[in-house]
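K.L.:
fold the following for me, if possible:
(one chain, ligands or ions: 4)
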Amino acid sequence: ATRSRSPQPFHDSAFVRVRGAREHNLKDVDVAIPRDAFVVFSGVSGSGKSSLAFGTLFAEAQRRYLESLSPYARRLIDQVGVPDVDEIQGLPPAVALQQQRGTPNVRSTVGSVTTLSSLLRMLYSRAGTYPTQQPMLYAEDFSPNTPQGACPNCHGLGFVYEVTERSMVPDPSLSIRDRAIASWPPAWHGQNLRDILVTLGYDVDIPWRDLPKKDRDWILYTEEQPVAPVYAGMTPAQTRAALRRKAEPSYMGTFTGARRYVLHTFATTQSALMKKRVARFMTGAACPVCDGRRLKPEALSVTFAGLDIGSLSRLSLNAIAQTLAPAAAGRFDAPAAGATRSRAASRNDTARRVARGGSAHAGGTDVRRTPDLSQEKRIAAQRIAHDLVERIAALQALGLGYLALDRTTPTLSPGELQRLRLATQIRSNLFGVVYVLDEPSAGLHPADSEALHRALDQLKGTGNSVFVVEHDLDMMRRADWIVDVGPGAGQEGGEVLYSGPPDGLRAVAASQTARYLFDGRSRSHDHARRTPAGWLELHGVHRNNLHGVDARIPLGVLTAVTGVSGSGKSSLISQALIELMGAHLGHEPEAEPDDDGPPQPGELRTTSGRLGRGADTIKRLVNVDQKPIGRTPRSNLATYTGLFDPVRKLFAQTPLAKSRRYDAGRFSFNVAKGRCATCEGEGFVQVELLFMPTVYAPCPTCHGRRYNEKTLEVTWRERNIAEVLAMTVAEALAFFHDEDSIARPLTVLRDIGLGYLRLGQPATELSGGEAQRIKLATELHRSQRGHTLYVLDEPTTGLHAADVDKLMAQLHGLVDGGHTVVVIEHEMRVVADSDWVIDLGPGAGEEGGSIVAAGTPEDVARAKPSRTAPYLKRALA
Ligand code: ADP
Ligand code: ADP
Ligand code: ZN
Ligand code: ZN
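P.N.:
Numbering: from 1, shown residues only. Ligands and ions are numbered 1, 2, ... in the order given. So this is what the prediction gives:
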């Protein structure tokens with residue numbers, strides 16, 4: 001079904017030719033795509049863009065690569081699968097820069113992803129200034145992740161856990177009986193500890209603060225574990241009497257100090273929930289030995305440009321480049337920028353001072369410079385520093401200079417992470433490769449996208465092909481070639497509507513992309529601007545790069561929060577607002593049962609600031625984030641939204657199910673009786689691969705159907721339960737149209753642009769944007785009582801302009817229902833369509849963090865200092 005236009009500017013031989021592609025929803029597609037070109041794959045969400053770009057082209061390139069390796073690697077191919085395509089000609093090797101689905105669970109950092117950290121270690125090892133008498137160290141001695149480099153006190157963590165009286169006893173006016181010791185285990189175990197204290201003669205009925213300090217310290221901090229008789233259910237007086245007459249106790253109990261309980265549980269529990277619970281009572285304090293710098297003292301005694309490697313790694317990339325610039329240029333005589341190290345200077349002070357290029361003369365502190373380097377060291381220093389500065393420049397060009405080198409990747413947005421990898425690739429000097437990217441514009445302010453275009457041009461310029469799956473209209477306008485997939489999603493898509501230079505798409509009537517690309521439809525939704533019903537005030541907010549910000553959020557309207565990447569949008573909205581409002585409404589800190597890794601004290605830190613007027617108007621807070629809805633194939637769309645319950649009830653009510661006494665549980669793949677015994681209802685078996693992430697392969701017994709044969713004999717309207725889970729939302733809506741409790745949530749899912757998802761689609765296959773829209777849909781079909789504040793971080797990620805319109809209709813519906821909606825957004829059509837705009841900036845990191853403009857979209861479009869203004873103005877025209 002190809003309609004490739006004559007490929008004039010490209011040589012006939014320079015094409016990748018695909019014949020008979022049938023991966024996922026692709027309908028036996030033939031298409032020719034030029035090499036050495038910048039190609040955009042467009043189409044509504046679910047149309048099949050990724051199935052073509054990643055599922056077919058990249059998958060085939062990867063398969064050929066594996067096949068060229070070894071017989072062992074060839075076995076892997078059988079397990080990961082071969083793309084469903086007849087033939088691909090002219091396909092170069094491919095590198096995928098895909099956005100991470102779910103959260104990366106490794107504790108990697110900006111420095112490790114970009115390999116800058118290893119270069120820095122080499123710099124310090126070979127060209128650092130060593131104290132006299134100290135032998136030179138190896139590069140590994142500068143890594144906190146190796147036994148030879150790590151600080152011996154904190155094992156390279158940089159902090160030590162502390163449990164204090166204040167954290168364990170938040171309200172000292174309570175008695176022990178009234179649970180003064182909040183960190184004690186809940187329920188029976190807590191009562192047991194209290195009863196032991198009674199036996200031991202402590203007063204558990206007076207306020208905590210009235211107990212003698214010696215007693216409080218023992219109860220909290222003792223390492224002893226005395227065993228004592230427990231008289232359950234007796235009053236203290238009765239207990240004393242029982243002890244005197246040596247009565248038989250209910251049992252013998254073992255006492256554990258409160259601190260010991262917290263630390264022991266944290267270290268040993270298998271339950272993530274328990275871990276999270278006790279972590280709330282722990283605070284992290286900088287390790288006193290390494291001062292949070294994670295390295296052993298010998299490594300920290302080596303400096304370059306006056307800074308030890310631990311202090312340098314805490315700086316932003318901008319500041320590091322500035323510090324290394326003189327050495328990179330071969331200048332070792334002048335004091336380097338930021339060449340002063342004051343041990344007292346806090347991380348932020350140092351960062352800010354250096355970031356602003358401020359003078360480095362902190363009066364009187366020990367000023368060390370680099371001029372004492374030997375000639376040999378200078379040569380090494382210049383070469384490595386030069387390389388570092390150049391690599392950092394590639395990152396700065398992509399608008400990432402504000403990131404600190406030691407920032408962990410789970411705290412980065414998927415877009416930031418992808419751009420980090422992109423910048424690293426630009427420096428890798430590969431050529432003749434196809435780079436396949438997934439929405440590189442995600443998370444990027446239009447002012448930052450120039451740099452992205454340059455980076456992609458650079459990849460192409462060095463002889464590579466760049467294939468991107470994109471929704472950004474500007475990106476499409478700049479493409480050499482567009483492959484438009486559609487016309488609809490899922491079964492209604494899967495065809496190549498057009499393949500050729502962008503201009504030719506204009507004539508393709510069936511293309512939804514063409515409508516937006518050429519009709520200049522700017523506003524996504526037409527309605528009169530609403531006036532705020534009141535204001536929610538935030539005062540003196542401190543968080544990341546926000547230093548005492550005051551903000552006003554209008555109530556009862558739709559607000560867009562804008563600003564370049566790193567300006568502080570998430571810090572203000574997703575972090576400060578969510579935390580302050582959450583605390584005001586008395587929310588418990590979120591407990592996520594399948595969260596990865598232990599919580600770090602750094603993540604437990606809270607915002608400072610307070611809510612002012614308006615906070616009491618809001619009754620509920622809903623944060624619709626992009627976190628995955630589950631991490632195993634066991635959670636899926638149907639279970640998460642709750643629509644699977646009424647479906648299972650329908651099956652249980654069929655005559656066959658009744659005659660066999662099958663209840664609704666029989667139709668759950670989480671219950672043993674009805675599910676496939678081999679895969680325990682997952683439909684997949686896990687395959688562990690040596691050099692690759694774990695993959696899931698279809699179950700050999702049920703072939704992905706999840707249920708056992710007996711269960712599948714039961715049908716409702718001639719479909720069994722596995723066939724229902726295989727339906728898309730749109731198909732299921734037609735099938736269940738007269739079952740209100742099922743049709744209602746399905747309708748919302750379809751209206752929000754998710755009609756193409758299958759009901760049983762495992763959570764592991766969903767993108768962050770899809771997870772976010774599923775959460776929103778689930779929220780929308782619940783009845784909403786009371787004024788709710790909805791917060792969404794870049795909800796248009798992964799959405800075609802046509803789907804953005806659907807989403808906006810839903811958000812406007814919420815506002816019309818009397819609620820408040822705040823979205824962080826880069827898409828100017830959405831910003832133009834909001835009632836109010838708050839623009840942060842002016843720049844990123846320490847050059848941002850202020851509210852530059854706030855008002856109606858028209859007001860902000862006129863604001864002089866706003867970097868958003870020119871783009872917004874264009875969208876309003
Ligand atoms: P796009 O990239 O255009 O948003 P996709 O290529 O991701 O679309 O999806 C096209 C169709 O294929 C959709 O109906 C989607 O539900 C389906 N699909 C995507 N991934 C899988 C998968 N792993 N298994 C089965 N179907 C899938
Ligand atoms: P935006 O949302 O506008 O892209 P952010 O609020 O994410 O900006 O970032 C503002 C500043 O705060 C940046 O300098 C960023 O590096 C820093 N920052 C954001 N989140 C974290 C975090 N979890 N840990 C450390 N620094 C952070
Ligand atoms: Zn330490
Ligand atoms: Zn199975």
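K.L.:
now the helix of greatest length in the chain: buried residues?
P.N.:
In the chain, taking DSSP state H as the definition, the longest helix is helix 375-397. Using 16 or more other Cβ atoms under 10 Å as the test for burial, helix 375-397 gives 377-378, 380-389, 391-392, 394-397. The way it works is simple: take the backbone N, C-alpha and C, and place the C-beta from them, glycine included.
K.L.:
for it, packing partners?
P.N.:
Helix 375-397 is packed against helix 116-127, helix 317-328, helix 414-426, helix 446-461, with contacts defined by 3 or more Cβ pairs under 8 Å, 6 or more residues apart in numbering; DSSP states H and E.
K.L.:
most tightly surrounded among these?
P.N.:
Sort these by mean neighbour count, taking mean count of other Cβ atoms under 10 Å, and helix 317-328 sits at the top with a mean of 23.
K.L.:
tell me the pLDDT of T2.
P.N.:
T2 is assigned 44 on the pLDDT scale.
K.L.:
next: the one 3 residues further on.
P.N.:
We have a pLDDT of 45 for R5.
K.L.:
need the distance between the two termini of stretch 857-868.
P.N.:
10 Å (Cα to Cα, to the nearest Å).
K.L.:
is any residue of that stretch near ligand 2?
P.N.:
No. Against ligand 2, stretch 857-868 shows no contacts by Cβ under 6 Å from any ligand atom, the least distance being 11.4 Å.
K.L.:
name the surrounding residues that touch that stretch.
P.N.:
The contact list for stretch 857-868 (Cβ atoms under 8 Å, 6 or more residues apart in numbering) reads 445-447, 560, 562-564, 831-834, 837, 839, 841-843, 852-855, 869, 872-873, 876.
K.L.:
and stretch 253-268, by the same measure?
P.N.:
Against stretch 253-268 from outside (Cβ under 8 Å, 6+ apart): 161, 163, 168, 181, 183-185, 192-193, 195-197, 199-200, 218-230, 274-275, 278-279, 281-282, 598.
K.L.:
also stretch 142-162?
P.N.:
With Cβ under 8 Å, 6+ apart as the test, stretch 142-162 has contacts from 117, 120-121, 124-125, 138, 140-141, 263, 266, 282-290, 292-297, 299, 302, 309-310, 600-602.
K.L.:
same thing but 6 Å
P.N.:
With Cβ atoms under 6 Å, 6 or more residues apart in numbering as the test, stretch 142-162 has contacts from 121, 124, 140-141, 282-287, 289-290, 292, 294-296, 299, 309, 601.
K.L.:
cool, stretch 793-812 as well?
P.N.:
44-45, 442, 471, 512, 516, 524-525, 574, 752-753, 767, 769, 821, 823-824, 827.
K.L.:
what's the first-to-last distance across that stretch?
P.N.:
End-to-end distance (Cα to Cα), stretch 793-812: 16 Å.
K.L.:
now do that stretch: distance to the chain's middle.
P.N.:
With Cα atoms, centre = their mean, to the nearest Å as the basis, stretch 793-812 stands 19 Å off its chain's centre.
K.L.:
quick check: mean pLDDT of that stretch?
P.N.:
Stretch 793-812 comes out at a mean pLDDT of 87.
K.L.:
for it, buried residues please.
P.N.:
In stretch 793-812, counting by 16+ other Cβ under 10 Å, buried: 793-808, 810-812.
K.L.:
same check on stretch 641-659?
P.N.:
Neighbour counts over stretch 641-659 (16+ other Cβ under 10 Å) mark 641, 643-644, 646-648, 650-652, 657 as buried.
K.L.:
circling back to that earlier point, the contacts of stretch 253-268 in helices, which ones?
P.N.:
Checked against DSSP H, the contacts of stretch 253-268 include these in helices: 168, 192-193, 195-197, 199, 218-221, 274-275, 278-279.
K.L.:
which of the residues you listed sits closest to A61?
P.N.:
Nearest to A61 among the ones in helices among the contacts of stretch 253-268: K275, at 41.3 Å, using Cβ to Cβ.
K.L.:
number of residues surrounding that closest one?
P.N.:
19 (other Cβ atoms under 10 Å).
K.L.:
could you find the closest non-adjacent residue to it?
P.N.:
T269 (5.4 Å; Cβ to Cβ, 6 or more residues apart in numbering).
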